[in-house]
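Student: sequence and predicted structure below; questions after.
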Amino acid sequence: MSIGIVGWGFYVPDKILTNADLEKMVDTTDEWITTRTGIKTRRIAPSDMAVSDMAAAAAQRALDKCGLSAKQIDVIIVATITPDMFFPSSACFVQSKIGAENAACFDVSAACSGFIYALELGRNFLCNKKYKNVMVIGAEKLSVITDWQDRGTCVLFGDGAGAVILSEVKSGGIISCYLGSDGTQSELLFLPGGGSRNPASEDTVKNKMHFLKMRGNELFKFAVRIMADSAEEVLKQAGLKKSDIKYLIPHQANSRIIWATAKKLDLDESQVFVNIDRYGNMSSASSAVALCEILESKDIKRGDKLLMVAFGGGLTWGSSIIEVS
Ligand code: COA
């Protein structure tokens, strides 16, 4: 049984934050951000827009793309680390916004690898034949967990959402998926405040514990290794060669990580999809939006194989090979 993508859509907020804007907020330069990260602009959602608003906009576009009605969606999975609230899940809010009254809804927390984790979950739901259509969404409002006074992190992140609908397909589909985690490395990227370990208090707010903390240097080294290793592993599991891949869709964390991964995989620059210059790192939404943009491009045809690979907080990593249906 082949499970593939039948609909897709993404949403990014209108507001563009440029490197020039950031120069006015922290001690940084456009030159530093561009050469060290590849980022030029990122999108920032307005204060009255939550993750489920962006996710629902992306979800509606995915429905419009394939002509399914919201009532035909059996499961909604939202990958996010910036849900509207602890509970209910953002997926439940999406259900209510798009009118997917027959769907079972839940969120997945795997940080930047979240969309690839959710894709694999969605595929497994469909493989048991009980469900017909699964909506998988990666959506983040990272601007609310970013410390806008910390130049080491605030230049990196942005907001957005991407959605795909998975169903049984006659050709192509998700060929293989590889997931992994290392919980011993959780302190490389985490958000300490607001959970059951450090419940919200005056102190947690004063100590900026509701903003993400990152050890960028160590994460960088880990990323370069794990992105290539997990791409190699999923290729091996699929019985495919690097030369079978039309496009690499790497997580958009840093252009230097992207190019180092491409080099390790012997892929030509033209085979690597990059949108970090426009959107920065949108965590789980990065892979989702990148996949939507590539499926929308004129370059893609049935039978092309796409290799997605991501890493993130947890630490987590994941890779997936999709043949265009
Ligand atoms: N503007 C100007 N200078 C900055 C800066 C900024 N925005 N941020 C940091 N710097 C400075 C540092 O203070 C340091 O100065 P010093 O040498 O005087 O101490 C210098 O630049 C180098 O800092 P360093 O952290 O070594 O830079 P780097 O080359 O490792 O780049 C990151 C920093 C964050 C861009 C990079 O480590 C990275 O991308 N890591 C991975 C992050 C990631 O992937 N996160 C998401 C995971 S999903």
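Tutor: Nice, I can see it.
Student: going by C-alpha atoms from here, please, whenever you check contacts or count neighbours.
Tutor: Noted.
Student: what's the burial count for I39?
Tutor: The local packing of I39 (other C-alpha atoms under 10 Å) involves 27 other residues.
Student: who's in contact with it?
Tutor: I39 makes contacts with I33, L156, N254, S255, I276, D277, R278, Y279, G280, as judged by C-alpha atoms under 8 Å, 6 or more residues apart in numbering.
Student: surely the third one is in contact with G38?
Tutor: Yes - in this structure N254 lies within contact range of G38 using C-alpha atoms under 8 Å: 6.4 Å.
Student: what residues does this protein put near the ligand?
Tutor: Taking C-alpha under 6 Å from any ligand atom as the criterion, the chain approaches the ligand at residues 28-29, 32, 36-37, 112, 151-152, 155, 216-217, 219-220, 253-254, 311-312.
Student: where does this protein have low pLDDT?
Tutor: Counting by pLDDT under 70, the chain contains no low-confidence residues.
Student: residues contacting the residue positioned nearest the centre of it?
Tutor: Closest to where the C-alpha atoms of the chain average out (C-alpha atoms, centre = their mean) is S284, at 2.2 Å. Residues touching S284, when contacts are defined by C-alpha under 8 Å, 6+ apart, comprise A79, T80, A111, C112, S113, G114, F115, G138, A139, E140.
Student: quick check: chain neighbours aside, which residue is closest to it?
Tutor: Spatially, and ignoring its direct neighbours in sequence, S284 is nearest to C112 (4.3 Å; C-alpha to C-alpha, 6 or more residues apart in numbering).
Student: could you turn the buried ones of the contacts of I39 into a ChimeraX selection?
Tutor: Applied in ChimeraX, the following selects the buried portion of the contacts of I39 according to 16 or more other C-alpha atoms under 10 Å:
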select :33,156,254,255,276,277,278,279,280
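Student: give me the neighbour count for the residue nearest to S284.
Tutor: The criterion is other C-alpha under 10 Å. On that basis, C112 has 32 neighbouring residues.
Student: isn't it up against G314?
Tutor: No - using C-alpha under 8 Å as the test, C112 is too far from G314 to be in contact (9.4 Å).
Student: now do the helices in the stretch 201-325 of the chain.
Tutor: 202-206, 216-238, 255-264, 276-279, 284-296 (DSSP state H, counting those that start in this stretch).
Student: distance from the fourth one to the middle of the chain?
Tutor: Chain-centre distance of helix 276-279: 13 Å, with C-alpha atoms, centre = their mean, to the nearest Å.
Student: again, but for the third one
Tutor: Going by C-alpha atoms, centre = their mean, the spacing between the C-alpha centre of helix 255-264 and its chain's C-alpha centre is 18 Å.
Student: list the buried ones in it?
Tutor: Quick answer for helix 255-264 (16+ other C-alpha under 10 Å): S255, R256, I257, I258, W259, A260, T261, A262.
Student: make CSV from the residues you listed and add distance to A100 to it.
Tutor: What follows is the buried residues of helix 255-264, written out as CSV (distance: C-alpha to C-alpha, whole Å):
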residue, distance to A100
S255, 37
R256, 40
I257, 38
I258, 37
W259, 40
A260, 41
T261, 39
A262, 39
